[in-house]
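**Q** sharing a model that was predicted from the sequence below.
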Amino acid sequence: MKILVVEDEAHIAEGLRFNLEAEGYLAEVVADGETALDRLDKERYDAIVLDVMLPGVNGFETAKTLRERRDFTPILMLTARGRPEDVLLGFEAGADDYLPKPFALDIFLARLNGLLRRTAWSKAEPAAATTDDVVIVNGRTIDFTNLELRKDGTVYHLTLMEIRLLRYLIENQGVTVSRQTILEDVWGLQEDTDTRAIDNFIVRLRKYLEDEPNNPKIVRTVRGVGYRFSLV
């Protein structure tokens, strides 16, 4: 499998390359987001290790541009401090997982292997999903196994973070869940942070699920508290 490492700190980049190659991966290194986007426009990779703090086009902008291009290569984002705000910005931009620096090599490899399993699924025929992994909401078929939402013959690819949030809301249907609870239960963020970032995820889910996203009937806002999911 081929991994693109986007990291401007040479000693970290070369360390990652060395260890990835020792594990049997093909690893390529670039030092900025602009070069990464150019490389990804020409070549396919199985996963991207993407630092946030990059010269020029930063990691958030790089991830966002890739997703806008409909490039869903799994992204493991590296953050300098692992602040909740940075984590949420990464997820909002389209990252699939994050890892704060400094990190242990075994943790890095475990996170990366998790994303690579998703790559393998996407290259295979769609996995057979159990009834529990397929839910129909408002005429949309949500396939949690393959990270897809299908409507009228159109297939929409959901990011790992979107699918996790959607599953959580469905599992708690009829219950009002607070933004802070979502932070803790879906993303594992225990620290105080600006929970308004979750609103952007909700807006995206409404575009997938609602007939009128600006007048939601399924994912409702409970003012001052959070959100309530109701099947229709």
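**A** Nice, thanks for sending it over.
**Q** domain ranges for this protein?
**A** 2-123, 131-229 (automatic domain parsing).
**Q** tell me the most buried of those?
**A** domain 2-123 (a mean of 18; mean count of other Cβ atoms under 10 Å). Glycine gets a C-beta too; all of them are placed from N, C-alpha and C.
**Q** any chance of the domains of the chain in JSON lines, plus mean pLDDT?
**A** Listed next are the domains of the chain as JSON lines, based on pLDDT from 0 to 100:
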{"stretch": "domain 2-123", "mean pLDDT": "88"}
{"stretch": "domain 131-229", "mean pLDDT": "86"}
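**Q** for this protein, what spans make up the helices?
**A** 10-22, 33-42, 59-68, 84-93, 105-123, 160-171, 179-187, 197-209 (DSSP state H).
**Q** if you count contacts, what does the second one end up packed against?
**A** Using 3 or more Cβ pairs under 8 Å, 6 or more residues apart in numbering; DSSP states H and E as the contact criterion, the secondary-structure elements in contact with helix 33-42 are strand 2-6, strand 26-30, strand 47-51, helix 59-68.
**Q** for Arg228, find the nearest of the helices of the chain.
**A** Evaluated with Cβ to Cβ, the helices of the chain place helix 160-171 nearest to Arg228, the distance being 8.5 Å.
**Q** quick one: closest of the helices and strands packed on helix 33-42 to Pro213.
**A** With distances scored as Cβ to Cβ, the stretch of the helices and strands packed on helix 33-42 nearest to Pro213 is helix 59-68 (18.7 Å).
**Q** which other residues reach that closest one?
**A** The contact list for helix 59-68 (Cβ atoms under 8 Å, 6 or more residues apart in numbering) reads 6, 33, 36-37, 40, 48, 50-54, 57, 73, 75, 77-78, 89-90, 93-95, 159.
**Q** doesn't Asn19 make contact with Leu105?
**A** Yes - between Leu105 and Asn19 there is a contact under Cβ atoms under 8 Å: 5.9 Å.
**Q** spatially nearest residue to the spatially most central residue of the chain (excluding sequence neighbours)?
**A** Nearest to the mean C-alpha position of the chain, by Cα atoms, centre = their mean, lies Asp96 at 2.9 Å. Closest residue in space to Asp96, ignoring its immediate chain neighbours: Leu160 at 4.4 Å, by Cβ to Cβ, 6 or more residues apart in numbering.
**Q** so the one you found touches Asp97, yeah?
**A** Yes - counting by Cβ under 8 Å, Asp97 is a contact partner of Leu160 at 7.3 Å.
**Q** overlap of the contact sets of those two?
**A** Going by Cβ under 8 Å, 6+ apart, residues that sit against Leu160 and also against Asp97 are Pro74.
**Q** still on that earlier bit, dump the helices of the chain to a markdown table, plus distance to Asp133.
**A** Formatted as a markdown table, these follow (distance: least, Cβ to Cβ, whole Å):
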| stretch | distance to Asp133 |
| --- | --- |
| helix 10-22 | 31 |
| helix 33-42 | 30 |
| helix 59-68 | 23 |
| helix 84-93 | 22 |
| helix 105-123 | 12 |
| helix 160-171 | 9 |
| helix 179-187 | 18 |
| helix 197-209 | 17 |
